[in-house]
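J.: Just need the structure, nothing else, for what follows:
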Amino acid sequence: MKLLILDSGHAEYVAGREAPDKSMREWEFNNDMQYKIKNLAEKHGITVFLTNPYPQQKDEMGLTKRAEIANGYWALKQKPPALFFSIHANAYKNEFNEARGTETYIASNASQNSKNAAKYVQESVYKMIKSIDTNAKDRGVKVADFTVIYKANMPSILAEYAFYTNKEDLKILKENRDQLAEATIQGICKYFGIEYIPTEPEKPDPPIDPDPPVEQPKLYENCVVYSGQVDENIAQILSWDLKDYVVVDLSVYKEGLGKNIYVVGAACGKLKGDYNFYGKDRWETLDMVMNYIKK
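T.: Numbering: from 1, shown residues only. Sure thing, here's the model as predicted:
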């Protein structure tokens, strides 16, 4: 069993901690990231526990309490190989400025495993951000005794993905969270010695083929229209002396099949229009057809 304990920094009711233009609040970024990372970690067979799963509409949770929750769960699971990972975004002053970059923290009491995890995550996340913005800054792995990582009993790190008080960094924090989570899990997999499996990009829906062009019927010089088997025989007799013709049943006849339209027998009363009608019924039509072809 590999255990990843995710600690989403802050809660909704914490004052401040938002971009100068109020377009992003840190707690929302941290919370969104913890679930993206959780989903990817579980796909790699890593067990995930959240210390702060529901930060919406809540006040800040004490930092010591976060560490105690993590320690208690780790002990409950018989202290398997684990990593405590606290998720944050950074800030400098209250207005947009030039301070930017990615940094990962370990405590002064950090184990070698903590140092390894921080190195792997820092390298992977920075590489990803650098691929988006060539001016991205690598602030490296730093040491600071933040309570959550200092008091965690298992290997622990705290990531500051980028500065939401920097316009370029803020854009990445808002628009590239899937890539940030993917880069994070790469580092975590390396730490646990697990083969990283890249997430396949979603395939777009195939384009909807437009309606095929309607095939236009050939225009014949003559078209003979009938209705029923007996009339079909008469229609065929009529066609003997015609050139460039087509003989069709009334049910499939379409306007525009011929320049001259001959309507035979029973079809005479059903197809109205300015046509070359032959007879009031099939017998009169037959007589007229025989005269027409001089038989």
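
J.: Quick check: what element follows the helix or strand hosting residue 69 along the chain?
T.: Counting by DSSP states H and E, the element that carries residue 69 is helix 63-76. With elements assigned by DSSP H and E, the helix or strand that comes after helix 63-76 is strand 82-90.

J.: what about the longest helix in the protein?
T.: Across the chain, the longest stretch assigned as helix under DSSP state H is helix 112-132.

J.: How far away from the center of its chain is whichever helix or strand comes after that helix?
T.: With elements assigned by DSSP H and E, the helix or strand that comes after helix 112-132 is strand 138-143. Here strand 138-143 is found 34 Å from its chain centre; the criterion is Cα atoms, centre = their mean, to the nearest Å.

J.: What strands line up against strand 138-143, and which way round?
T.: Under the criterion DSSP bridges, strand 138-143 sits next to strand 102-106 (parallel) in its sheet.

J.: quick one: low-confidence ranges for the stretch 151-295 of the chain?
T.: 202, 209-217, 269, 274-283, 285-286, 288-295 (pLDDT under 70).

J.: Just the strands from it, written as ranges.
T.: Taking DSSP state E, counting those that start in this stretch, the strands of the stretch 151-295 of the chain run over residues 156-163, 220-226, 245-249, 258-264, 276-278.

J.: helices or strands up against the longest one?
T.: In this case it means strand 156-163. strand 82-90, strand 102-106, helix 112-132, helix 147-150, helix 167-175 (3 or more Cβ pairs under 8 Å, 6 or more residues apart in numbering; DSSP states H and E). In short, each C-beta sits where N, CA and C put it, glycine included.

J.: got the angle for the third one vs strand 156-163?
T.: Between the axis of helix 112-132 and that of strand 156-163 there is an angle of 20 degrees, by axes from the mean of the first three to the mean of the last three Cα atoms, to 10 degrees.

J.: tell me the most buried of the strands of the stretch 151-295 of the chain?
T.: strand 156-163 (a mean of 27; mean count of other Cβ atoms under 10 Å).

J.: Quick one: neighbours of the nearest residue to residue 184 once chain neighbours are set aside, just the number.
T.: Once flanking residues are discounted, residue 184 sits nearest to residue 37: 5.5 Å by Cβ to Cβ, 6 or more residues apart in numbering. Residue 37: 24 surrounding residues under other Cβ atoms under 10 Å.

J.: same check, this time on residue 151
T.: Counted with other Cβ under 10 Å, residue 151 comes out at 20.

J.: what's the closest of the strands of the stretch 151-295 of the chain to residue 199?
T.: Evaluated over these, closeness to residue 199 peaks at strand 156-163, with 18.4 Å, by Cβ to Cβ.

J.: Dump the closest one to PDB, restricted to CA.
T.: Output in PDB follows, covering the C-alpha atoms of strand 156-163 (Å, rounded to 0.1, in the frame of the first residue of the first chain):
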ATOM      1  CA  SER A 156       6.000  15.600   4.100                       C
ATOM      2  CA  ILE A 157       6.200  18.500   1.700                       C
ATOM      3  CA  LEU A 158       4.400  21.800   1.000                       C
ATOM      4  CA  ALA A 159       4.000  23.000  -2.600                       C
ATOM      5  CA  GLU A 160       3.600  26.600  -3.700                       C
ATOM      6  CA  TYR A 161       2.600  26.100  -7.300                       C
ATOM      7  CA  ALA A 162       2.800  29.800  -8.400                       C
ATOM      8  CA  PHE A 163       2.000  33.300  -7.400                       C
END
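
J.: List the strands paired with that strand, with their directions.
T.: strand 82-90 (parallel), strand 102-106 (antiparallel).

J.: can you redo those strands as CSV with mean neighbour count and mean pLDDT?
T.: CSV is the format used below for the strands paired with strand 156-163 (neighbours: other Cβ atoms under 10 Å; pLDDT from 0 to 100):
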stretch, mean neighbour count, mean pLDDT
strand 82-90, 26, 98
strand 102-106, 25, 98
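
J.: Make TSV from those strands and add distance to residue 206 to it.
T.: What follows is the strands paired with strand 156-163, written out as TSV (distance: least, Cβ to Cβ, whole Å):
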stretch	distance to residue 206
strand 82-90	37
strand 102-106	38
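
J.: residues contacting the closest residue to residue 248 other than its chain neighbours?
T.: Sequence neighbours aside, residue 225 is the residue nearest to residue 248 in space, at 6.0 Å (criterion: Cβ to Cβ, 6+ apart). Residue 225 is in contact with 235, 248, 249, 250, 253, 261, 262, 263, 264, 267, 271, counting by Cβ atoms under 8 Å, 6 or more residues apart in numbering.

J.: repeat that for 6 Å
T.: 250, 253, 263, 267 (Cβ atoms under 6 Å, 6 or more residues apart in numbering).
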